[in-house]
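Asks: Here's my sequence, what's the structure:
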Amino acid sequence: MSQLLIGGNWVDGAATDRLRDKFRGEVFGEMAVASLEQVDAAVAGAQSAVEASALTPYDRYRILSRAAQIIQERAEPLMALMRDEAGFTRADGDNEVRRCVQTLELSAEEAKRLNGELVPMQAGDGVRDRLGFTIRVPRGVVCAITPFNSPLNVVAHKVGPALAGGNAVIVKPSNHTPLSAVELCRALIDAGLPSGLLALLHGPGSAIGRRLLDDPRIAFYAFTGSTRVGREIQAAAGLRGTQLELGSIASTIVCHDADLARAIPKIVNAGFRKAGQVCTSVQRLFVDRRIEGSFVPQLVEAVRAAKAGDPSDPSVVIGPMISRAHAERAASWVQEAVAAGARILTGGTHDGAVFAPTVLDRVAPSMKVVCEEIFAPVLSVIPFDDVEEAVEMANASPFGLAAGLFTSDISTALRTARALRFGGVHINEASSARVDVMPFGGVKDSGFGREGPAYAIREMTEERLITIAY
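Replies: Down below sits the predicted model:
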């Protein structure tokens, strides 16, 4: 059963919700639901703990390093858990665990080297005998609100840097995937983290999330999720700090000189891993018209070879979506596109929550499969005549999280990377080419701020200037 972590203690919730596995729909566990009074107690406990904390940077390094080891040691049960609560295949679960371990290790290293800088005070006219430097200090209580599609690693991306920077953290994970967050918190406590520095709450965002937003004792909010909710968080946060990784319609461009043997496997993986439920999954695939006739059949063949079904089957590449309702919504978008003239090259069907990997062409900019985030294993092929046209179509989206570009021309690569208005542009990689050490975040309606431990820790701490006259 999923418990709450409040004031250093594991406690029962005010109520419980049953959890069902995403493939068969069978009950496999329960989620404790917090009361509003428990939310208040969690914030109070976190605030008291961070004010009293005596952890040194090396202490934080040691704890986070040990937590990474514990997660690695518990890899098998964690993968089994994510198979049930997130519908992950073994490959998806293994990737999630490995990346979580790396994120915690990176966070540990950053705890030891977080520092400020020397200020050149004497660059000012008439300034003598004065020294200036900055230090980084904790913000206080950080609230992390996390999604279902990365139930371990995205939590680590928020909790790891926050703790490395000396903060206390309150975690509110997705109701779809609460147990992975429980296990990460247990690993941190087992690694020696004073339990008061970490709180874990479950429950509906409309109640629990709103209570957390309304509490002025919380200094910083780190959120991954929809743009709609991100706007609500930003409005409620006011002058408090936020890091928002929001919606996306990820684009990848394939130029006429691309290495197709390299591009196609990367595009298939980026479009369909985790059943397409990744904010950087390839949704719009722009293909140079000169190679469309040869490229598309090869792509479709590769997609058809990707088996969808029971995530416990080692041969399955694409597991179920997070719920049958999500699959039905994606199917309705596909059928709506077909009715308006789109063509299904493969897929387009679903069995329960399992959605067959789908490739469409003959799509129009006004179709939902093109202009809204589908968050499903559905990819639309869009031809272009020159790369400038592809850039214009990609930039026309209100979102700007990540883009991919395949080309053999370095000039094309660099010019296009500068022209694409996205938080990250990956050359000879698909849009979903994330390494956990890099800065990750978007522009426009995809939010602002950066994940990646070295970058997040600076956002989760405050820079303080100190000057000394002598």
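
Asks: contacting residues for the closest residue to residue 407 other than its chain neighbours?
Replies: Nearest residue to residue 407 in three dimensions, chain neighbours excluded: residue 255, at 4.0 Å (CB to CB, 6 or more residues apart in numbering). In this view, the C-beta of every residue, glycine as well, is placed from N, C-alpha and C. Residues near residue 255 by CB atoms under 8 Å, 6 or more residues apart in numbering: 288, 387, 405, 406, 407, 408, 409, 412.

Asks: State the distance from residue 255 to residue 298.
Replies: If you measure residue 255 against residue 298 using CB to CB, to the nearest Å, the figure is 16 Å.

Asks: Now a PyMOL select for only the buried ones of the contacts of residue 255.
Replies: Entered in PyMOL, the line below selects the buried ones among the contacts of residue 255, by 16 or more other CB atoms under 10 Å:
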select buried, resi 288+387+405+406+407+412
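
Asks: Name the nearest of the contacts of residue 255 relative to residue 178.
Replies: For the contacts of residue 255, the closest approach to residue 178 (CB to CB) belongs to residue 405, at 37.6 Å.

Asks: mean confidence score for the strand or helix carrying that closest one?
Replies: Assigned by DSSP states H and E, residue 405 belongs to strand 402-406. The average pLDDT for strand 402-406 rounds to 98.

Asks: After it, heading C-terminal, what element do we hit next?
Replies: Downstream of strand 402-406, the next assigned helix or strand under DSSP H and E is helix 410-419.

Asks: elements contacting the next helix or strand after that following helix?
Replies: Going down the chain from helix 410-419, the next helix or strand is strand 424-427, by DSSP H and E. Contacts defined by 3 or more CB pairs under 8 Å, 6 or more residues apart in numbering; DSSP states H and E place strand 424-427 against strand 402-406, helix 410-419.

Asks: can you do 10 Å?
Replies: Packed against strand 424-427 by the contact rule (3 or more CB pairs under 10 Å, 6 or more residues apart in numbering; DSSP states H and E) you find strand 251-254, strand 402-406, helix 410-419.

Asks: wait, doesn't residue 131 sit right on residue 465?
Replies: No: using CB atoms under 10 Å, residue 131 makes no contact with residue 465, being 11.3 Å away.

Asks: can you list residues touching both of the two?
Replies: Common contacts of residue 131 and residue 465 (CB atoms under 10 Å, 6 or more residues apart in numbering): residue 119.

Asks: thinking again about what came up before, thinking in terms of the whole chain, how far from its middle is the strand holding residue 405?
Replies: What separates the centre of strand 402-406 from the centre of its chain is 18 Å, taken as CA atoms, centre = their mean, to the nearest Å.

Asks: so what strands line up beside that strand?
Replies: Strand 402-406 has the following strand partners under DSSP bridges: strand 251-254 (parallel), strand 424-427 (parallel).

Asks: Looking at those strands, which is nearest to residue 244?
Replies: Residue 244 sits nearest to strand 424-427 of all those, at 15.6 Å, using CB to CB.

Asks: And the strands in the stretch 201-350 of the chain?
Replies: For the stretch 201-350 of the chain, strands defined by DSSP state E, counting those that start in this stretch occupy the ranges 218-224, 241-245, 251-254, 284-288, 343-346, 350-351.

Asks: one step back: just the strands paired with strand 402-406: most buried one?
Replies: Neighbour counts averaged per stretch over the strands paired with strand 402-406 are highest for strand 251-254, at a mean of 29; criterion: mean count of other CB atoms under 10 Å.

Asks: In PDB, could you pull the C-alpha coordinates for it?
Replies: Extracted C-alpha coordinates of strand 251-254, given in PDB (Å, rounded to 0.1, in the frame of the first residue of the first chain):
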ATOM      1  CA  SER A 251       8.900  17.800 -34.400                       C
ATOM      2  CA  THR A 252      11.600  16.000 -36.200                       C
ATOM      3  CA  ILE A 253      12.900  17.000 -39.700                       C
ATOM      4  CA  VAL A 254      14.400  14.500 -42.100                       C
END
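
Asks: Quick one: end-to-end distance for stretch 169-177.
Replies: With CA to CA, to the nearest Å as the measure, stretch 169-177 spans 18 Å from end to end.

Asks: ditto for stretch 345-360
Replies: 6 Å.

Asks: Next: stretch 83-95.
Replies: Stretch 83-95 has its terminal residues 12 Å apart, counting by CA to CA.
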